[in-house]
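1. below: sequence and its predicted model.
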2 protein chains.
Amino acid sequence: MNQSSLQHKMGWLFKCLPNPMTFLLLSVIIFIFVTPPEVDAKTHHYKWAVRYEFKSPDCYEKLAITIDGTTPGPTIMARQGDTIVVELKNELQMENVAVHWHGIRMFGTPWNDGTEGVTQCPIVPGDTFVYRFTLDKPGTFFYHGHYGMQRSAGLYGLIQVSVPNGVVEPFLYDEDRSIILNDWWHNSTYEQAIGLSSLNFRWVNEPESLLIQGRGRFNCSLAEFGGKCNQTNAECSPHIITVVPGKTYRLRIASVTSLSALNFEIEGHNMTIVEADGNYVEPFVVKNLNIYSGETYSVLVKADQDPSRNYWAAINVVSRKRTTPTGLAIFNYSPNPPLTPPPIAPSTGPPWNDTFSRFNQSLAIKARKGYTVPPPQTSDKSITLLNTQNKIDGYNRWAVNNVSLLLPATPYLIALKWNKTNAFNQSPAPETYDDYQNYDIHNPAANINATYGSSIYRFPFNSTVDVVLQNANMMKPNNSETHPWHLHGHDFWVLGYGLGKFDPVSDPMKYNLVDPIRKNTVPLHPYGWTALRFRADNPGAWAFHCHIESHFFLGMGVVFEEGVEMVPRLPTSVLGCGDTKRLRMPVKSGGSSLPSGFIYLSNLFVLLLLFLN
Amino acid sequence: MNQSSLQHKMGWLFKCLPNPMTFLLLSVIIFIFVTPPEVDAKTHHYKWAVRYEFKSPDCYEKLAITIDGTTPGPTIMARQGDTIVVELKNELQMENVAVHWHGIRMFGTPWNDGTEGVTQCPIVPGDTFVYRFTLDKPGTFFYHGHYGMQRSAGLYGLIQVSVPNGVVEPFLYDEDRSIILNDWWHNSTYEQAIGLSSLNFRWVNEPESLLIQGRGRFNCSLAEFGGKCNQTNAECSPHIITVVPGKTYRLRIASVTSLSALNFEIEGHNMTIVEADGNYVEPFVVKNLNIYSGETYSVLVKADQDPSRNYWAAINVVSRKRTTPTGLAIFNYSPNPPLTPPPIAPSTGPPWNDTFSRFNQSLAIKARKGYTVPPPQTSDKSITLLNTQNKIDGYNRWAVNNVSLLLPATPYLIALKWNKTNAFNQSPAPETYDDYQNYDIHNPAANINATYGSSIYRFPFNSTVDVVLQNANMMKPNNSETHPWHLHGHDFWVLGYGLGKFDPVSDPMKYNLVDPIRKNTVPLHPYGWTALRFRADNPGAWAFHCHIESHFFLGMGVVFEEGVEMVPRLPTSVLGCGDTKRLRMPVKSGGSSLPSGFIYLSNLFVLLLLFLN
């Protein structure tokens, strides 16, 4: 059965759905007549305690956010169709938390997306929040804190989803290996966040270290606080990827960096890219892989080199001027001792500013033949999102169409379901930049001021939406950065990339409508544009934002809504902030049922006691 | 009118009150027939933003919690009977907050006491909480963070309450001056809290600096981070107390230290103690004043020394081995230049371990003649609270009667009003230590293990309660510390102090029932006992705890309840944590009204979409 064509044919069904009641009746009918293919779907239960602990991932000790004592947290390993239940207890003392399940589309559970300010209130210390969701597709995903700049404190981990039993993947390998990449700072998340949001702006600067599977190596002789850095700490011994000579490995790679675009390579080994963000890629061979924050890849690596020695697995910063040392793991040929360093110096990576080769790698990633899900050939709507760096009242901000996102005190999904129309600006968010035609993307704007905003984009359910991301010069001349944009709740088709300004007449004619890759995160290259298309088929409210932690923190994101009327009553566990505390409670269960007029008088009486005291 | 005798006579009224309805009717009657003496009571409105900011109170830069940009925050100046309204907006990014109004009894507004875990849920970032309360008595008070160890991050300020217009105080002075004292660390509150609560225990160590009115002076040559310390920063120029020669000043002094007991002196000047915790003291003259965390005093100081020079106002640590340099302000005789240092070196204070002289100063503080409110001559109940340092499962903790307090996820007051009987242990908290008679307070306990607990003490409304605080040896031999105990919602009478173990037969016979001072915070001296009495006349749930930040954080506190049935319906603003999110909401206002059975089916349907995608 070609599932995508079935979905396409069923489009009429969605379009004629008049109300949630019909939707539900339909679901009953379909539930009865369609037998789900996953007869052996499992539920995986986890109980996680989220805590601050002193950790030394790069030999320098600082407070990191851990799950059950580790950073990265435990890897979730399950199959497509399985249900994941995470009882997450906040033990951060005074800090709230929320965890996003990056790449999981949360069909039917949009309130468990874990995006503070969009889908839930933050989980306060002492509380336990239960995330429950189904793994809708196989592939490589991850989870991370999605509250303030909490991700950069170490709250992250991998999700590895296998195909269902009996399903065969379109490539062969002997074993899986997984690594998650990160960048790491020695100052605290608070120092970063306060510095960024102060009038006296302090940039976070380049990371002190790069981490592979939570392990890096800072040169302690550079540490200002000598006592806090210890090169012999076992926590910062390098990550080991052990392989057996002759075998082929599927290496799953995820990047959760806060700032850095990375280039990954395994000394002397080719890599065949086969998966991107949970979608099969038409295989192609690379010497190194550019990976942006929020992306995941699977590459096939054959242990086909001299087996008498080990090799470096190395990550280097690209797209920003490199000051951070190479991050290293050891690609260990068994039975060589794992910690024996390779005999030659590790690669320091390609030139950091070789935009063109990175652009070309983006272009090379296509959907795998035989597994192509073609996009709808036309769209119902197209919006352009101009990315700019701005000032607002003297503060440094990022903006989209000159609006810098401020998350409201009442999260969007809750505000939408409870008709809290004062919670955010109800007027539509701008679908392009004012006078976009005359905007010069190659130079700093004449007027660098933007405005704060909380408006959202609301799409008809099941409509097809095109988004053109347009990059531009920053406030400083001759500077344009790579922004990896991540969409929650969806995979989109990547229709095209360009360098320069998007031409709304000629560029759409070059869109790849045949075999575009589907992804949830896509780079917007310096001075370039990226076009994507998605079906608004997932009822809920969804963040779409630059995955650079400090950029989203400074307003570089938007929110999409579709079909929110189909979302059932939200669980009360997502409430607790903004307007949601003022939702009325029952009079029973011990609360006084006295009319409020009396309350004032009783208070007066108690106040009178003061004169008797 | 002798108000206290009236209150005493009205005791029958309280005891015969059968239910809240009668209570309210009574309040109407009293409201109509009793004219309040405060005809000119005002309401003072404040809008405060609570933020982290980089500050250098002792020349070393770190993140501090500020109110409207300053630490200490603004001083509240008002009159008895005035109402204070503080709209407190949490702008701490990822951290919650709660602010306690120390010494204000919160008659009729127990939910505004600001004690996270006891009277309210924490205020999450982005939310605004409105504290509204009446100043029930004149005197010197203060406010501070009461969440985790947040007070030590710099969230505090003074409250100065004058007598009503037309009322004359029993001492003369020309002008008011106020200072608040603090101790200060260079690491973060998180580093402190995590270190204390780790199996690999890390003590907070002695403070780096002592602050007078938020200003101290660290020796930057000792700073490991040279770049963060700057002795020329205006933020750490000393606080100036300017006086005119010949005039007499009422110097209001509050201590909000996290750890340190302090000794305060003004070089060459006598001080006459006239107020303690908002109660008039029978005046006596001291050369220096011992002040414990949580206490306030007013002293009269006459500028009667050589007017051609300035003088040091100095604070030194007592009761703990002193490693922190003297904290200094300048007592500036106008018109001398304020920053001209006094010609001689400042005092380094009395010997840190002279317990006896501090004990004697405690004994010397009596209620002022003519303003004495005698305590009830008998009590209805007496409890003994043995203070011990313990281990629980290897963690360092403090305990009271072998129980170490763990604040529940649902604050006590909310749990009590909403009959959430699972929120905390409903069995009564222990009224003495098991086998107290044989407990050797002079040596470490044979069994150092304690247990966690959440039980509370419930007293009949308007009953009279005696509390005997008993100190003991810590886990380390020959160590017993001073613990300043603070009671929320009440002033208590200090019936007596002793050194050694309390004798329940002979010691009560020595109680001062004639002119005991009333206070809200009282020291428990090393190896000593302190006896106090209070009337349980304030409906609510109230914390009673050691005011050393790390001690309460490690469980050294209890909770008292009285008359909670008289507390009216709580405002929803205090909710949002623990069980309080699960209180049912109305079906209207946009929420789907579909039965929950359908919700499951609709989710199933949406999950089916995954196979079509």
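-> Happy to help now that I have it. Numbering: from 1, shown residues only, chains lettered A, B, ... in the order given.

2. can stretch A:376-383 be found next to chain B?
-> No: counting by C-beta under 8 Å from any C-beta of the partner chain, chain B has no neighbours in stretch A:376-383; the shortest distance is 12.9 Å. In short, each C-beta sits where N, CA and C put it, glycine included.

3. quick one: buried residues of that stretch?
-> Buried residues in stretch A:376-383, counted by 16 or more other C-beta atoms under 10 Å in any protein chain shown: A:376, A:379, A:382-383.

4. for those, which one is nearest chain B?
-> The nearest member of the buried residues of stretch A:376-383 to chain B, counting by C-beta to the nearest C-beta, is A:Pro376 at 12.9 Å.

5. okay, how far is it across stretch A:149-169, tip to tip?
-> Distance between the two ends of stretch A:149-169: 37 Å, counting by C-alpha to C-alpha, to the nearest Å.

6. residue contacts, the residue lying closest to A:Pro539 once chain neighbours are set aside?
-> Using C-beta to C-beta, 6 or more residues apart in numbering or on different chains and skipping the chain neighbours, the partner closest in space to A:Pro539 is A:Gly563 (3.4 Å). If you count contacts by C-beta atoms under 8 Å, 6 or more residues apart in numbering or on different chains, A:Gly563 has them with A:461-462, A:536-540.

7. show the pLDDT at A:Gly563.
-> A:Gly563 is assigned 98 on the pLDDT scale.

8. before we move on, what about A:Val34?
-> 40.

9. cool, and A:Ile30?
-> A:Ile30 is given a pLDDT of 42.

10. try A:Met1
-> On the pLDDT scale, A:Met1 gets 37.

11. now the helices for chain A?
-> Ranges of helices in chain A, per DSSP state H, are A:3-9, A:11-15, A:20-33, A:189-196, A:355-364, A:412-417, A:549-553, A:596-612.

12. who's the residue lying closest to A:Ile212 once chain neighbours are set aside bridged to?
-> The spatially closest residue to A:Ile212, leaving aside those adjacent along the chain, is A:Ala329, at 4.2 Å (C-beta to C-beta, 6+ apart). Going by DSSP bridges, A:Ala329 is paired in beta bridges with A:Ala313.

13. burial of A:Ala329, as a residue count?
-> Other residues near A:Ala329 come to 23 when the count uses other C-beta atoms under 10 Å in any protein chain shown.

14. in the stretch 351-500 of chain A, what residue lies closest to chain B?
-> A:Asn419 (3.2 Å).

15. and that residue, its phi and psi?
-> Dihedral angles of A:Asn419 (phi, psi; degrees, to the nearest 10) stand at phi 50, psi 40.

16. and A:Met475, by the same measure?
-> Torsion angles, degrees, to the nearest 10, at A:Met475: phi -70, psi -30.

17. need the contact list for it.
-> A:Met475 neighbours (C-beta under 8 Å, 6+ apart): A:389-391, A:444-445, A:448.

18. can we see that at 10 Å?
-> A:Met475 is in contact with A:388-391, A:396, A:444-445, A:448, counting by C-beta atoms under 10 Å, 6 or more residues apart in numbering or on different chains.

19. ok, A:Trp48 next?
-> Under the criterion of C-beta under 10 Å, 6+ apart, the neighbours of A:Trp48 are A:66-68, A:73-74, A:86-91, A:99, A:128, A:131, A:157.

20. and for A:His442, nearest residue in space, chain neighbours not counted?
-> A:Asn473 (5.8 Å).

21. surely that neighbour and A:Ala446 touch.
-> No: with contact defined as C-beta atoms under 10 Å, A:Asn473 does not reach A:Ala446; the gap is 11.6 Å.

22. need the overlap of contacts for those two.
-> Each of A:Asp440 lies in contact with both A:Asn473 and A:Ala446 under the rule C-beta under 10 Å, 6+ apart.

23. between these two, tell me which one has more neighbours.
-> More neighbours surround A:Asn473 than the other of A:Asn473 and A:Ala446, with 19 against 6 (other C-beta under 10 Å).

24. which ones are touching A:Lys391?
-> Taking C-beta under 10 Å, 6+ apart, we find A:Lys391 in contact with A:201, A:397, A:399, A:404, A:447-450, A:475.

25. who does it form a beta bridge with?
-> A:Asn396, A:Asn449.

26. now do the buried residues in stretch A:203-210.
-> A:204, A:207-210.

27. so who does A:Leu524 touch?
-> A:292, A:362, A:385, A:387, A:468-471, A:480-485, A:497, A:530, A:546.

28. now do it against A:Thr340, distance only.
-> 41 Å (C-beta to C-beta, to the nearest Å).

29. coming back round to it: and the contacts of A:Leu524, which of them are buried?
-> Buried members of those, counted by 16+ other C-beta under 10 Å: A:292, A:362, A:385, A:387, A:468-471, A:480-485, A:497, A:530, A:546.

30. adding pLDDT and distance to B:Ser454, write the buried residues of stretch A:203-210 out as CSV.
-> Below are the buried residues of stretch A:203-210 laid out as CSV (pLDDT from 0 to 100; distance: C-beta to C-beta, whole Å):
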residue, pLDDT, distance to B:Ser454
A:Val204, 97, 41
A:Pro207, 98, 42
A:Glu208, 97, 42
A:Ser209, 98, 42
A:Leu210, 98, 45
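
31. which non-adjacent residue is nearest A:Asn401?
-> Closest residue to A:Asn401 apart from its sequence neighbours, by C-beta to C-beta, 6+ apart: A:Pro430 at 4.2 Å.

32. looks like the one you found contacts A:Ala450 (just checking).
-> No: if you go by C-beta under 10 Å, A:Pro430 and A:Ala450 don't touch, sitting 11.2 Å apart.

33. any idea how far A:Leu385 is from the residue nearest to A:Asn401?
-> Computed as C-beta to C-beta, the A:Pro430 to A:Leu385 distance reads 9 Å.

34. shared neighbours of these two, anything?
-> Counting by C-beta under 10 Å, 6+ apart, the residues touching both A:Pro430 and A:Leu385 are A:400-401, A:403, A:457, A:558.

35. out of those, which is most surrounded?
-> Neighbour max across the shared contacts of A:Pro430 and A:Leu385 (other C-beta under 10 Å) = A:Val400, 28 neighbours.

36. please list all residues in contact with that one.
-> Neighbouring residues of A:Val400 by C-beta under 10 Å, 6+ apart: A:383-388, A:429-430, A:433, A:450, A:453, A:469-470, A:485, A:544-546, A:555-558.

37. mark which of those are part of strands, please.
-> Among those, the ones falling in strands (DSSP state E) are A:383-388, A:453, A:469-470, A:485, A:544-546, A:557-558.

38. how far away is the residue nearest to A:Gly453 when sequence neighbours are not counted from A:Gly489?
-> Nearest residue to A:Gly453, sequence neighbours excluded (C-beta to C-beta, 6+ apart): A:Val403, at 3.7 Å. The spacing between A:Val403 and A:Gly489, counted by C-beta to C-beta, is 21 Å.

39. repeat for A:Asn233
-> For A:Asn233, the distance to A:Gly489 - C-beta to C-beta - is 40 Å.
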